[in-house]
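Q: Sharing a sequence plus its predicted fold:
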Amino acid sequence: MTNTTNEEINDTNQDIYKNNSSTNINDVYVRKPEDVVFNNIKYPLDDPPLKFEVIARFGKARASKLTLPHHCCTTPMFMPVGTQGTVKGLTSQQLVDLNCGVVLGNTYHLGHRPGPEVMDAVGGLHKFMNYPRAMLTDSGGFQMVSLLQLAEITEQGVQFQSPHDGSTMILTPELSMQIQNSIGADIMMALDDVVSSTTVGPRVEEAMYRTLRWIDRCIQAHKKPESQNIFAIVQGGLDSRLRTICMEGLIQRNFPGYAIGGLSGGESKDMFWRVVHQCTSQLPDNKPRYLMGVGYALDLVVCSALGVDMFDCVFPSRTARFGSALVPSGSLNLKSSEYAYDFTPIDSECPCMVCKNYTRAYLHIVAGKEAIGGQLITYHNIQYQMSLMNQIREAIINQNFPEFVKSFIKKQYPNSDCPQWAIDALAAVDITDIYK
Amino acid sequence: MTKPDFSFETTENKEEKYRAGTIKVGNKTYETPSLILYTKEGSPVNLTKDLLNNLPHEKTHSLQLLFSDLYQFKDVLEKFGKGSHEFLSLQEHLLFLLIRDSSYFNEQEFGEDSISVTTRKGKTKVTIDEYIKVVKMVKPDVVTTLSLDLAWESSKKRAVRISNATNQWLTKFMESDVSNYTNTFGVVQGGKYDDLRNKSIEELLKYTEKLSGYILSGFGTGETNKERNEVIKNTIVSIFLLLFINSFGRAIVILIIYYQFTLLEQITK
């Protein structure tokens, strides 16, 4: 924790705070009286509807069983993103067929359409999208970054204009919880004050303290603690001091799980892994750790090694719609003419429905052009992600995780050109000599 | 390669106004009346293989492959060499190779020996010989004779030109060896002109032994519901009078997906 003098806390002269929202690296944040790390507001249940059991470890990496109200999942796991109640291109049954555990829904979009009234009437998102397994909803906070040109962030919440109908919406911690309670996901994300990872200056610290205040409002607004869990989000940008303060405050509140937020926003990969490493080292060992917005294969492997349990990203489905298929050696741009007469599957070792039935030549015809192309490649890409996570998990359980990591990297980067950040990150958890 | 056996059997029908049937092609069985699923680039829209095969009621579905779609990758099909069922992973289903795109109507240009086909890269001329060659590559369960729909309001002069060309293409198609490769449905054309439709039926009658079924085409081209129903009724009557009384065992397909149920309902009345 930072030391704060009474003079600072008691100072009511607002002028001294005038630069607290500045993104100028030369400005200094002045702590306010309300910037309290822990306000004696704890998560309402010591025994939430979530059970996390670590089954095996290798270094910081762990394989675990995560039992949620709607499904018993295994970790490390990748969670496909179903922004508006559907993973684009896949049916709910296909998600089950692919053995997905948790699927994400987006509070901002679902709050607009169909809205909490419909969600309440239909009995929640599980029934609405007919997905029987576990779900997670984000808080809507990420849209603060993506819609920032329309948004105004205040202590009350985030006010912005709906791109759907132009109406003004104020997303407060209370409203985020209300909508997420209506959606009924197994895991709800607390509303945080999100700043881009490239943001510098006092604004980062302001957002971190505001996140701690908002999370208390989330706790108090949560109406269904017996059936839904809140995960708190660690903020603090790329500043290890701020990350530490944020984690101290969140851990004292004793949440069922913790997310690492504010990354994958354009920061350097070297900073990225160091922040992840710091967070996984300081977050409780007996709680699941969720790294938000991360889904590249190398990132999944490296961050699993650093001790992350859960990941989500639109990448596998979005890149599929552009015709890119994920394979052990990287990716195939199926729109390329080199596949026009290639009558082999995307991946001859992949057991998925697409690889068993369709050739690269056919996918070349529909990739990026017909909806069916996006559907088929999305199906394969989600299978790839699921398979990768399963391999990571099995390697941890079988105690051959370093061998798996090296084999993975050699396939992805056969020319000994694995990015240095990944080699550094793996070395930090004693996985070295990648190419030996 | 020999074509798979084709048969069509109808249920007993005392009132002779309605009929249910079973089409068998090789080891695939398909109940009628039924809907032929639309496809784009060879796949039913939004239905991957698992979704298609899990549709209720039928194990085998029928799908219309658009000639213009498959023409775009004829070189790939030729190199693949195993036909469209395997290339499109539709082995379980009946594939109808059709000229007309039932999702919309756009009058196509034509010459004496060719039609204009619109592909992603633009328009291209396809001769009757090339049509036959592509049919052999695609290896559909059923192919239609080469014909073009004409706009409902086409002049008689233009209608006669298209009808004459269609009849010539029919002759060339049926005299080729394509019937050794696939089953053929003859297309009844003629637009709103009864004499041209009757002429079309008469031409088809010459090949009744080689034809496995008939397609009533030229709908969805600007006609009113009343006009369409009238033509269908008259054409059905003509086909029954000219063909079916002495030639049972042929299937009729109405090639307008938008109006399929309306049309079928109208026929049954």
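A: Structure's in. What do you need? Numbering: from 1, shown residues only, chains lettered A, B, ... in the order given.
Q: CA only for contacts and neighbour counts going forward, please
A: OK.
Q: Look up how far A:Phe311 lies from A:Arg57.
A: A:Arg57 is 18 Å from A:Phe311, where distance means Cα to Cα, to the nearest Å.
Q: More neighbours: those two, which one.
A: A:Phe311 (25 against 19; other Cα atoms under 10 Å in any protein chain shown).
Q: beta partners for the more buried one?
A: Counting by DSSP bridges, A:Phe311 is bridged to A:Phe78, A:Leu291.
Q: where does the stretch 1-150 of chain B come near chain A, residue by residue?
A: B:40-41, B:43, B:45-50, B:73, B:76, B:79-80, B:87-89 (Cα under 8 Å from any Cα of the partner chain).
Q: how about 10 Å then?
A: B:40-51, B:69, B:72-73, B:75-77, B:79-80, B:86-90 (Cα under 10 Å from any Cα of the partner chain).
Q: Strands of the stretch 51-200 of chain B, start to end?
A: B:62-66, B:94-98, B:114-119, B:122-127, B:142-144, B:183-188 (DSSP state E, counting those that start in this stretch).
Q: of those, which approaches A:Pro414 most closely?
A: For the strands of the stretch 51-200 of chain B, distance to A:Pro414 was read as Cα to Cα. The smallest value, 40.4 Å, belongs to strand B:114-119.
Q: angle of the closest one against strand B:122-127?
A: Here the directions of strand B:114-119 and strand B:122-127 differ by 150 degrees (axes from the mean of the first three to the mean of the last three Cα atoms, to 10 degrees).
Q: and strand B:114-119, what other elements does it pack with?
A: Applying 3 or more Cα pairs under 10 Å, 6 or more residues apart in numbering or on different chains; DSSP states H and E, one finds that strand B:114-119 contacts helix B:67-72, strand B:122-127, helix B:128-138, helix B:156-175.
Q: So what's the gap between that strand and the chain middle?
A: 17 Å (Cα atoms, centre = their mean, to the nearest Å).
Q: and it, average pLDDT?
A: The average pLDDT within strand B:114-119 is 92.
Q: just the CA coordinates of stretch B:212-220, formatted as CSV?
A: Below are the C-alpha coordinates for stretch B:212-220, written out as CSV (Å, rounded to 0.1, in the frame of the first residue of the first chain):
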residue,chain,number,x,y,z
SER,B,212,-36.5,-39.7,-65.0
GLY,B,213,-38.7,-36.8,-64.2
TYR,B,214,-40.0,-33.3,-65.2
ILE,B,215,-39.5,-29.8,-64.0
LEU,B,216,-42.2,-27.2,-64.4
SER,B,217,-40.2,-24.1,-64.8
GLY,B,218,-40.5,-20.5,-65.7
PHE,B,219,-42.1,-19.3,-62.5
GLY,B,220,-41.2,-16.5,-60.2
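Q: out of everything not next to it in sequence, what's closest to the residue nearest to the spatial centre of chain B?
A: In chain B, the centroid-proximal residue (Cα atoms, centre = their mean) is B:Thr144; its distance is 4.5 Å. Spatial nearest neighbour of B:Thr144, excluding adjacent residues (Cα to Cα, 6 or more residues apart in numbering or on different chains): B:Phe185 at 4.8 Å.
Q: you'd agree the one you found is up against B:Tyr214?
A: Yes. Proximity of B:Phe185 to B:Tyr214 meets the contact threshold set by Cα atoms under 10 Å, at 4.9 Å.
Q: Show me which of these two is the more surrounded one.
A: Comparing B:Phe185 with B:Tyr214 by neighbour count (other Cα under 10 Å), the higher total belongs to B:Phe185, at 26 against 22.
Q: what's the distance between that one and B:Pro44?
A: Note on B:Phe185: its distance to B:Pro44, by Cα to Cα, is 21 Å.
Q: In PyMOL, select just the buried ones from the residues of the stretch 1-150 of chain B next to chain A.
A: In PyMOL syntax, the buried subset of the residues of the stretch 1-150 of chain B next to chain A is picked out as below (16 or more other Cα atoms under 10 Å in any protein chain shown):
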select buried, chain B and resi 40+41+42+43+44+46+47+48+49+69+72+73+76+77+80+86+87+88+89+90
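Q: Filter the residues of the stretch 1-150 of chain B next to chain A down to the ones in helices?
A: Mapping the residues of the stretch 1-150 of chain B next to chain A onto helices (DSSP state H) picks out B:Lys49, B:Asp50, B:Leu51, B:Asp69, B:Gln72, B:Asp75, B:Val76, B:Leu77, B:Lys79, B:Phe80, B:Glu86, B:Phe87.
Q: Out of those, which comes closest to chain A?
A: B:Val76 (6.0 Å; Cα to the nearest Cα).
Q: which residues touch the closest one?
A: A:Ala340, A:Tyr341, A:Asp342, A:Phe343, A:Ala361, A:Tyr362, A:Ile365, B:Leu70, B:Phe87, B:Met137 (Cα atoms under 10 Å, 6 or more residues apart in numbering or on different chains).
Q: My read is that the fourth one contacts A:Ala361, right?
A: Right, A:Phe343. Yes. Under the criterion of Cα under 10 Å, A:Phe343 makes contact with A:Ala361 at 5.6 Å.
Q: For A:Phe273, pull up the helix or strand it's in.
A: For residue A:273 the amino acid is Trp, not Phe. helix A:269-282 (DSSP states H and E).
Q: Output the set of residues of the stretch 301-436 of chain A in proximity to chain B.
A: Neighbours of chain B within the stretch 301-436 of chain A, by Cα under 10 Å from any Cα: A:340-343, A:353-354, A:356-359, A:361-363, A:365-366, A:369-376, A:379.
Q: next structured bit after the helix ranked longest in chain A?
A: Determined from DSSP H, the single longest helix within chain A is helix A:371-397. Using DSSP H and E, the helix or strand that follows helix A:371-397 in sequence is helix A:401-412.
Q: residues of that following helix that come out buried?
A: Of the residues in helix A:401-412, those buried (16+ other Cα under 10 Å) are A:Phe401, A:Pro402, A:Phe404, A:Val405, A:Lys406, A:Phe408, A:Ile409, A:Lys410, A:Gln412.
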